[in-house]
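Asker: any chance you can model this:
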Amino acid sequence: LVVFMTGQIPFPENYGGGGNWPSTEGPTWIYLGKINNTKPSAIFKINKIKDNESKLGSSLAPALFSAFQHQTAIPTDGLLGISVEPLTQLEQQVQPNDVTPSTVASN
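Answerer: Residues are numbered from 1 along each chain as shown. Purely as a prediction, here's the structure:
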C-alpha cells in the first residue's frame, strides 16, 4: 500500500498523518505508520494483515471467487484511515509485527 502527499497542502507545523488499516475484529484500526512534511511518502506491506483477515472469512472465499473464474483480475476494495495528529503522539504509536514499512525517497 503506497501513501503519499501531493505537496499542495502540507500538514500544520508539528503534525503528521497516521496511516491506519481497518481491523475485521471490530471497530478498531491497525496502525501502519506515519507520513509528515519531511517524510511525505511511505510503502506499507499489508499482505500479512490481509492474510490473517482472509482466514477469518475463508468460508466465504469459494462462493466469492467462483464468480471471477474467467477474469484475469479480481477487483479489490480497500479502506485506509488517515488521522492528523501531533507528531509526538504519532511517534508513540507502535506498528504490529506483521506490518513492514519502507520509504520512498522524495525528490
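Asker: going forward, measure contacts between C-alpha atoms and count neighbours the same way
Answerer: Noted.
Asker: so where's this structure shaky on pLDDT?
Answerer: The model of the chain has pLDDT under 70 over residues 50-76, 96-107.
Asker: now with 50, please.
Answerer: 56-68, 103-107 (pLDDT under 50).
Asker: quick check on the nearest residue to Tyr15 once chain neighbours are set aside: phi, psi?
Answerer: Spatial nearest neighbour of Tyr15, chain neighbours left out: Pro86 (4.3 Å); criterion: C-alpha to C-alpha, 6 or more residues apart in numbering. Phi and psi for Pro86, reported as degrees, to the nearest 10, are phi -60, psi 140.
Asker: which residues touch Pro86?
Answerer: By C-alpha atoms under 8 Å, 6 or more residues apart in numbering, the contact list for Pro86 reads Asn14, Tyr15, Gly16.
Asker: host element of the last one?
Answerer: Using DSSP states H and E, Gly16 sits in strand 15-22.
Asker: quick one: the strands in this protein?
Answerer: With strands called from DSSP state E, the chain shows them at 2-4, 15-22, 29-36, 41-45, 81-86, 100-102.
Asker: can I get those in CSV with distance to Val94?
Answerer: Listed next are the strands of the chain as CSV, based on distance: least, C-alpha to C-alpha, whole Å:
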stretch, distance to Val94
strand 2-4, 18
strand 15-22, 11
strand 29-36, 7
strand 41-45, 14
strand 81-86, 15
strand 100-102, 12
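Asker: comparing those strands, which comes out most buried?
Answerer: Greatest average neighbour count among those goes to strand 29-36 (a mean of 22), per mean count of other C-alpha atoms under 10 Å.
Asker: hmm, who's touching stretch 15-28?
Answerer: Under the contact criterion C-alpha under 8 Å, 6+ apart, stretch 15-28 has outside partners 11, 29-37, 53, 79-87, 90.
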